[in-house]
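Visitor: okay, sequence plus prediction incoming.
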Amino acid sequence: MAEAYIIDAVRTPVGRRNGGLSGEHPADIGAHAIKGLIDRTGIDPSAVDDCIMGCLDTVGPQSFDVARTAWLAAGLPESIPGVTIDRQCGSSQQAVSFAAMGVMAGVQDLVVAGGLQNMSMIPIQSSGSVMDHALIGHPEIADPLTTSKGWTARYGDQEISQFRGAELIAEKWGFSREDLERFALESHERAARAQDEGRFDNEILPYGEISQDEGVRRGGTLEKMAQLKALRPGGVITAGVASQISDGAAALLIAGERAVKDHGLEPRARIHHISVRGDDPIYMLLGPIAATKYALEKSGMAIDDIDLFECNEAFAPVPMAWMAECAVPSEKVNVNGGAIALGHPLGATGARLMTTLLNELERTGGRYGLQTMCEGGGQANVTIIEVLR
């Protein structure tokens, strides 16, 4: 099979809720990453075959195929198309997978893949809101799942939410609130250390005066975290152990062997494996466990073969249960902090994780990195990359 290479990867700083990026049009945030990628690689933008960007809640300024809008907002050729992908939180990781598939199949040579999201401007799950349904004449449809006859016949009318899923996982694995808070505190400490040591400098394209991720908290303590109110009565999930509402974008240039040769490109990494699997949609967030086991089996690899891992910190119990079930050592996981500290701009996070993973593998001399993340509907993508430099 033909190879798919990562030529370069860049991202914006991740803005906190109502922070430095909150007033920026989502297409402009995406355009910043796309244009920065084109400039850094020196590639002729007219040679790109497609621009594939992940984004959730594609309403308002995130509607109308925002990937295409972002490409045009970057001032790039009108001849290049764009397409927007929604695989929930894994949207931009899936965008990279689709780009790699096109290159491996030989039908594309150069693809820009990534994602964007302005959660401050467009709240999570806006596309499934009662307001949206009322506007098209169906105010009685309040829930996009439990109003499906087929869904309710299979799963009933029980609550389906990421918050319930996180609580169910914590309960099933016996994680106490303090266990979760210790994990979350370490995420902030790792992210702060990474910022202080300049580990993100090569991947972040400053956006105006914003040059660092805004969500990292310093000086936190378990005592302070214990004062936070649980999201549910008697629950263990608080805002402190959940990913942050954030804004941002990231973009990668994926190239085939012919493009590498024709354009004189120097790949930074090779896409070694891509896959996606489904799991229990009620627990919703367990997908990375089965998906990781599947990916390792398909690729003929073992946990010990992987130098670094990125498992998205949607909620602390997600990577904690994944590490327990897949026997992944914590010292190899999210070494520069995760979404609890750095934020989770939904449609952009998959590409952000891959960008960070690539840079950290290069910094530490690692060879293989595995990335996975939980996604709505009980899904999970896995990508394994091999660093070449």
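Guide: Thanks, I have the structure now. Numbers count the residues shown, from 1 in each chain.

Visitor: helices and strands of this protein: which one has the lowest mean pLDDT?
Guide: When each helix and strand of the chain is scored by mean pLDDT, DSSP states H and E, helix 130-135 comes last, with a mean of 50.

Visitor: for the following helix or strand past it, buried residues please.
Guide: Note on helix 130-135: by DSSP states H and E, the next helix or strand toward the C-terminus is helix 149-155. Under the neighbour-count criterion of 16 or more other C-beta atoms under 10 Å, helix 149-155 has residue 151 buried. Glycine gets a C-beta too; all of them are placed from N, C-alpha and C.

Visitor: CA-only coordinates of helix 149-155, as PDB, when you get a sec.
Guide: Below are the C-alpha coordinates for helix 149-155, written out as PDB (Å, rounded to 0.1, in the frame of the first residue of the first chain):
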ATOM      1  CA  LYS A 149     -38.400   4.900  17.300                       C
ATOM      2  CA  GLY A 150     -35.500   2.600  16.400                       C
ATOM      3  CA  TRP A 151     -33.300   4.100  19.100                       C
ATOM      4  CA  THR A 152     -35.900   3.900  21.900                       C
ATOM      5  CA  ALA A 153     -36.800   0.300  20.900                       C
ATOM      6  CA  ARG A 154     -33.100  -0.600  21.400                       C
ATOM      7  CA  TYR A 155     -32.000   1.600  24.300                       C
END
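
Visitor: I'd like the next helix or strand past that helix.
Guide: Following helix 149-155 in sequence order, the next helix or strand is helix 162-173 (DSSP H and E).

Visitor: tell me, how many residues neighbour residue 325?
Guide: Residues near residue 325, counting by other C-beta atoms under 10 Å, number 15.

Visitor: nope, residue 246 is what I meant
Guide: Residues contacting residue 246 under the criterion other C-beta under 10 Å number 29.

Visitor: mind listing what the spatially closest residue to it that is not a sequence neighbour touches?
Guide: Using C-beta to C-beta, 6 or more residues apart in numbering and skipping residues adjacent in sequence, the residue nearest residue 246 is residue 343, 3.1 Å away. Residue 343 makes contact with 14-16, 213-215, 243-246, 248 under the criterion C-beta atoms under 8 Å, 6 or more residues apart in numbering.

Visitor: give me the phi and psi for residue 343.
Guide: The phi/psi pair for residue 343 (degrees, to the nearest 10) reads phi 100, psi 160.

Visitor: how much space between it and residue 124?
Guide: Noted for residue 343: a distance of 13 Å to residue 124, by C-beta to C-beta, to the nearest Å.

Visitor: buried sites along stretch 268-277?
Guide: Quick answer for stretch 268-277 (16+ other C-beta under 10 Å): 268-269, 271-277.

Visitor: verify the stated contact: residue 106 with residue 2.
Guide: Yes. The pair residue 106 / residue 2 is scored as a contact, 5.8 Å apart, by C-beta atoms under 8 Å.

Visitor: any shared contact partners between those two?
Guide: In terms of C-beta under 8 Å, 6+ apart, residue 106 and residue 2 are both contacted by the residues residue 256.

Visitor: residue ranges with poor pLDDT in this structure?
Guide: Along the chain, the model assigns pLDDT under 70 to residues 126-144, 146.

Visitor: show me the contacts of residue 343 that map onto strands.
Guide: The strands, defined by DSSP state E, take in 15-16, 246, 248 from the contacts of residue 343.

Visitor: quick one on the thing from earlier: who touches both of residue 343 and residue 124?
Guide: With C-beta under 8 Å, 6+ apart as the test, residue 343 and residue 124 both reach residue 245.

Visitor: the strands in the stretch 1-150 of the chain, which residues?
Guide: 4-11, 15-16, 50-54, 82-85, 110-118 (DSSP state E, counting those that start in this stretch).

Visitor: revised request: answer the last question for the stretch 201-350 of the chain.
Guide: 246-256, 269-278, 308-311.

Visitor: including distance to residue 331, could these go into TSV?
Guide: Listed next are these as TSV, based on distance: least, C-beta to C-beta, whole Å:
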stretch	distance to residue 331
strand 246-256	25
strand 269-278	22
strand 308-311	10
